[in-house]
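A.B. asks: Sequence first, then the predicted structure:
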Amino acid sequence: MDVDTRLAEDWVRAIAAAVEREHEHLTELDSAIGDGDHGSNLRRGFTAVLAVLAVLDGADSPSGPDAPAPDGGPGALLTRTGTTLISKVGGASGPLYGKAFRAIGAALPPPGQPPADAAGLGEALAAGLRAVQDLGRAVPGDKTLVDAWTPALDAYREAVAAGAGLPEAAAAAAGGAERGALDTVPLQARKGRASYLGPRSVGHQDPGARSTALLFRALAETTAARAAGK
Ligand code: ADP
Ligand code: MG
């Protein structure tokens with residue numbers, strides 16, 4: 001399975017749908033150990049991303065300055081997603097996810113080159129995690145979205161190394177992210193707002209790790225749907 005523009009767009013739309021479904025839960029988690037805005041932050045960001053996609057798809061403004069851009073490939077679409085998140089989300093998660101999507105986009109081959117396969121997407125997802133860590137300086141165990149992204153990437157790579165295709169690798173990643181998110185419950189936060197609580201951050205799931213689990217679940221669903229011919 002190739003990582004083409006449609007796959008990238010379907011993935012972003014699936015994340016937006018998951019955020020729409022789960023924003024109250026994300027905000028509830030952030031109310032326990034943060035300032036209660038993680039769900040609304042991501043919702044604002046992905047609503048703006050959907051508006052950008054609508055323009056790119058030509059659903060709005062068929063002519064004029066908002067005319068649909070020519071297909072710039074999956075990399076351009078994901079880079080644009082990241083830029084939109086950075087400009088629309090004020091909280092810590094906006095720049096972190098924004099930089100991650102920009103890095104994923106930049107790591108994918110430009111139009112005219114052979115598209116990324118499962119291994120290529122793994123490289124891009126690794127670039128996304130590096131961008132998160134370059135900006136936020138969090139390491140595994142700090143109780144952040146890094147604690148979901150790291151096991152997701154490990155599981156993805158392990159699956160690819162064992163010969164899995166994209167849908168199986170993405171399903172493995174979703175499982176890794178889910179475990180990683182749940183494993184943040186006993187951790188004490190060492191980065192972000194939750195770290196201000198010290199030991200009182202223990203016993204709660206990190207909201208960003210939960211949203212990262214949604215992101216990898218969305219990738220698994222999108223690639224499974226594509227494999228099923230949808
Ligand atoms: P804010 O903390 O500014 O209110 P959000 O509520 O949208 O922003 O996002 C909070 C989430 O951001 C946390 O649950 C955590 O996963 C993530 N986060 C915060 N700081 C960092 C960091 N330095 N590195 C990685 N992730 C971080
Ligand atoms: Mg918050």
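C.D. replies: It's in. Ligands and ions are numbered 1, 2, ... in the order given.

A.B. asks: interface residues of this structure facing ligand 1?
C.D. replies: The chain has residues 30, 34-35, 37-38, 41, 91-93, 96, 132, 136-138, 144-146, 191-193, 206-209 near ligand 1, with proximity defined as Cβ under 6 Å from any ligand atom. Heads up, the C-betas are built off the backbone N, CA and C, glycines and all.

A.B. asks: Would you mind checking those residues for buried ones?
C.D. replies: Buried subset of these (neighbour count, 16 or more other Cβ atoms under 10 Å): 30, 34, 37-38, 41, 91-93, 96, 132, 136, 138, 144-146, 191-193, 206-209.

A.B. asks: Quick one: low-confidence residue ranges for this protein.
C.D. replies: 59-70 (pLDDT under 70).

A.B. asks: Show me which residues of it sit near ligand 2.
C.D. replies: Counting by Cβ under 5 Å from the ion, the positions of the chain adjacent to ligand 2 are D30, G34, D35, D37, H38, G91.

A.B. asks: hmm, try it at 8 Å
C.D. replies: Neighbours of ligand 2 within the chain, by Cβ under 8 Å from the ion: D30, G34, D35, G36, D37, H38, N41, G91, A92, S93, R193, P207.

A.B. asks: possible to save these as CSV with distance to T84 and secondary structure?
C.D. replies: Below are the residues of the chain next to ligand 2 laid out as CSV (distance: Cβ to Cβ, whole Å; DSSP: H, G, I helix; E, B strand; the rest coil):
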residue, distance to T84, secondary structure
D30, 21, helix
G34, 23, coil
D35, 22, coil
G36, 23, coil
D37, 18, coil
H38, 18, helix
N41, 13, helix
G91, 15, coil
A92, 17, coil
S93, 14, helix
R193, 23, helix
P207, 21, helix
